[in-house]
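Fold the following.
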Amino acid sequence: MSKVIVVGGGAAGMMAAVAAAEKGHQVMLLERNEKLGKKVFITGKGRCNLTNASDLEQIFANIVTNPKFLYSALYGFDNQACMDFFEENGLRIKTERGNRVFPVSDHSSDVIKTLEKKLRQLSVEVKLHTRVTKIVVENHDHKADSADNMPAGNEDEAFTKNEGEKQHVTGVCDEKGRIYEADAVILATGGISYASTGSTGDGHRMAEETGHKITALYPALVPLKARETWCRDLMGLSLKNVKVTLKDGKKVLYEDFGEMLFTHYGVSGPLILSASSHVNKALSQKELQLLIDLKPALTMEQMQKRLIREFEENHQKQFKNALNSLFPARLIPIMIRLSGIDPDKKVCEISKAERTAFAMGIKALPLTITGTADYNEAIVTRGGVSVKDINPSTLESKRTGGLFFAGELIDVDALTGGYNLQIAWSTGHLAGESIPW
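Presented below is the predicted three-dimensional model:
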């Protein structure tokens with residue numbers, strides 16, 4: 001039996017503690033907040049989209065960063081195993097549009113309560129209001145020498161980063177200087193999105209201090225900022241069944257159908273959040289173009305015929321009064337302004353060239369994307385502990401023996417739809433069950 005400390009009481013941390021305790025280890029879970037699952041509580045707008053019921057091929061297709069690294073984790077504890085776990089522990093679940101899985105109650109608090117109950121059953125010791133600030137390590141091969149050569153009072157921090165010498169974890173230290181000894185530590189502190197939930201980057205800093213590479217961090221699943229000020233006029237307007245195409249010059253970065261929303265600084269909604277996971281690196285160097293197809297069910301030729309029909313039916317009306325059947329009321333003034341056609345012009349006087357240009361605007365309404373919103377609006381963090389420093393079969397560090405990683409802290413992320421939480425459950429479970437006896 002090993003003494004295991006899990007740092008972080010989010011989705012990955014709670015599942016890691018469960019998996020380690022089920023193997024018979026003595027487990028302590030340290031959480032800096034006043035309660036467990038603070039970020040889980042706000043996921044899915046408070047409903048908690050806890051996984052996705054699609055097949056694994058579809059799940060891997062929705063993982064943006066380092067999907068192959070997650071093979072062992074996802075095949076070892078897949079979405080079906082996840083759903084079985086929650087149902088067997090008393091949580092009734094349901095599957096909705098897009099194979100999104102939610103608790104029947106629509107309350108994320110019930111997901112957290114299920115995990116808390118399981119932790120109690122397994123006698124996991126939970127310490128709240130405990131912020132871990134340091135991973136305590138020492139050189140695995142030269143423990144005595146390292147400790148003897150350290151200045152007085154620093155024995156617990158004894159380790160070396162010399163080439164060829166592997167360090168080993170001995171515990172953690174909290175902000176009050178208290179040392180918690182352990183045979184293994186699972187770091188599951190999350191990324192840096194939604195800092196109010198406790199995701200402040202402590203895990204990245206501690207990993208870096210123990211010699212691990214942290215890849216570039218970006219906000220992901222986040223609203224996008226646009227240069228065009230007319231977005232502000234449409235703030236709060238939701239468009240359903242549209243198609244968006246995000247382009248870097250001629251290169252298509254993302255393309256899909258669904259729902260989007262205008263904000264006071266740009267665009268958001270499910271389509272845009274997914275698109276944002278493909279833009280971060282490109283946006284750091286240049287602006288991008290977002291094209292909105294307002295009528296994706298129609299080809300350009302069909303769009304032309306539709307306009308001809310609409311204009312014939314309203315041929316004596318002014319242009320500004322002939323578009324009610326085409327767009328939501330709030331969008332009409334914007335479409336007129338962007339068309340360049342005089343709003344008072346009679347429909348019968350609109351030229352073929354003007355009509356063609358208008359059809360093109362409907363099929364490819366352009367926006368210039370200048371950046372993303374900040375981490376406080378990002379659902380997840382892109383980047384993190386480099387997967388090159390982690391054994392994918394166990395999630396143990398290749399640099400520090402006995403140190404395991406789980407969840408958003410790792411350089412993995414996915415699109416919306418329950419995929420990121422599934423990564424958390426799977427990596428937490430793998431890390432917990434990989435602790436040696």
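
per the record, what domains does the chain have?
3-217+380-433, 223-373 (automatic domain parsing).

would you turn these into JSON lines with mean pLDDT?
As requested, the domains of the chain are exported to JSON lines (pLDDT from 0 to 100):
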{"stretch": "domain 3-217+380-433", "mean pLDDT": "90"}
{"stretch": "domain 223-373", "mean pLDDT": "94"}
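
Pick the most deeply packed of those.
Highest mean neighbour count among the domains of the chain (mean count of other Cβ atoms under 10 Å): domain 3-217+380-433, with a mean of 20. Placement of C-beta: from N, CA and C, glycine included.

Show me how far it is from its chain's centre.
Chain-centre distance of domain 3-217+380-433: 15 Å, with Cα atoms, centre = their mean, to the nearest Å.

okay, how far is it across that domain, tip to tip?
End-to-end distance for domain 3-217+380-433, by Cα to Cα, to the nearest Å: 13 Å.

Over to stretch 328-341?
End residues of stretch 328-341 are separated by 19 Å (Cα to Cα).

Same check on stretch 339-355?
Note: stretch 339-355 ends 9 Å apart using Cα to Cα.

and what of stretch 368-388?
First residue to last in stretch 368-388 (Cα to Cα) measures 35 Å.

cool, and stretch 97-112?
First-to-last distance for stretch 97-112 - Cα to Cα - comes to 23 Å.

Then stretch 385-402?
16 Å.

quick one: Ser123 and Val18 touch, right?
No: with contact defined as Cβ atoms under 8 Å, Ser123 does not count as touching Val18 (11.4 Å).

Which residues are in contact with Leu290?
By Cβ atoms under 8 Å, 6 or more residues apart in numbering, the contact list for Leu290 reads 224, 226, 244-247, 267, 275, 366-369.

Show me the helices in the stretch 1-150 of the chain, by range?
Under the criterion DSSP state H, counting those that start in this stretch, the stretch 1-150 of the chain contains helices at 11-22, 38-42, 56-61, 71-76, 79-88, 108-121, 143-149.

hmm, I was thinking of the stretch 201-350 of the chain
Using DSSP H, counting those that start in this stretch, helices in the stretch 201-350 of the chain cover 202-209, 230-233, 270-276, 280-283, 300-313, 332-339.

mind putting these in JSON lines, distance to Glu433 included?
Shown next, in JSON lines, are these (distance: least, Cβ to Cβ, whole Å):
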{"stretch": "helix 202-209", "distance to Glu433": "21"}
{"stretch": "helix 230-233", "distance to Glu433": "48"}
{"stretch": "helix 270-276", "distance to Glu433": "31"}
{"stretch": "helix 280-283", "distance to Glu433": "33"}
{"stretch": "helix 300-313", "distance to Glu433": "54"}
{"stretch": "helix 332-339", "distance to Glu433": "54"}
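
re earlier: okay, the helices of the stretch 1-150 of the chain in JSON lines with distance to Asp344 next?
Shown next, in JSON lines, are the helices of the stretch 1-150 of the chain (distance: least, Cβ to Cβ, whole Å):
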{"stretch": "helix 11-22", "distance to Asp344": "57"}
{"stretch": "helix 38-42", "distance to Asp344": "48"}
{"stretch": "helix 56-61", "distance to Asp344": "50"}
{"stretch": "helix 71-76", "distance to Asp344": "59"}
{"stretch": "helix 79-88", "distance to Asp344": "57"}
{"stretch": "helix 108-121", "distance to Asp344": "52"}
{"stretch": "helix 143-149", "distance to Asp344": "83"}
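
For Leu50, find the nearest of those.
Closest to Leu50 of the helices of the stretch 1-150 of the chain is helix 108-121 (Cβ to Cβ; 5.7 Å).

counting contacts, what elements does the closest one pack onto?
helix 11-22, helix 38-42 (3 or more Cβ pairs under 8 Å, 6 or more residues apart in numbering; DSSP states H and E).

Let's have those helices in CSV, adding distance to Lys251.
Output for these, formatted as CSV (distance: least, Cβ to Cβ, whole Å):
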stretch, distance to Lys251
helix 11-22, 34
helix 38-42, 34
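
can you tell which of these is closest to Ser434?
Nearest to Ser434, of the helices and strands packed on helix 108-121 and by Cβ to Cβ, is helix 11-22 at 8.6 Å.

beta partners of the residue nearest in space to the middle of the chain?
In the chain, the centroid-proximal residue (Cα atoms, centre = their mean) is Val380; its distance is 3.1 Å. Listed by DSSP bridges, the beta-bridge partners for Val380 are Ala220.

Hmm, Asp411 is touching Thr215, no?
Yes: if you go by Cβ under 8 Å, Asp411 and Thr215 touch, sitting 4.8 Å apart.

Give me the common contacts of those two.
By Cβ under 8 Å, 6+ apart, the residues touching both Asp411 and Thr215 are 383-386.

from these, which is closest to Met335?
Gly383 (38.4 Å).

That closest one contacts Lys213, doesn't it?
No: Gly383 is beyond contact range of Lys213, at 10.6 Å (criterion: Cβ under 8 Å).

who's sitting farthest from the centroid in this protein?
Most peripheral residue of the chain (Cα atoms, centre = their mean): Gln316, 51.5 Å.

and that residue, how far is that from Gln304?
21 Å (Cβ to Cβ, to the nearest Å).

Now do the end-to-end distance for stretch 364-384.
Per Cα to Cα, the first residue of stretch 364-384 is 36 Å away from its last.

who's the nearest residue in space to Lys286 that is not next to it in sequence bridged to?
Of all residues not flanking Lys286 in the chain, Asp248 sits nearest, at 7.1 Å (Cβ to Cβ, 6 or more residues apart in numbering). Beta-bridge partners for Asp248, by DSSP bridges, are Lys251.
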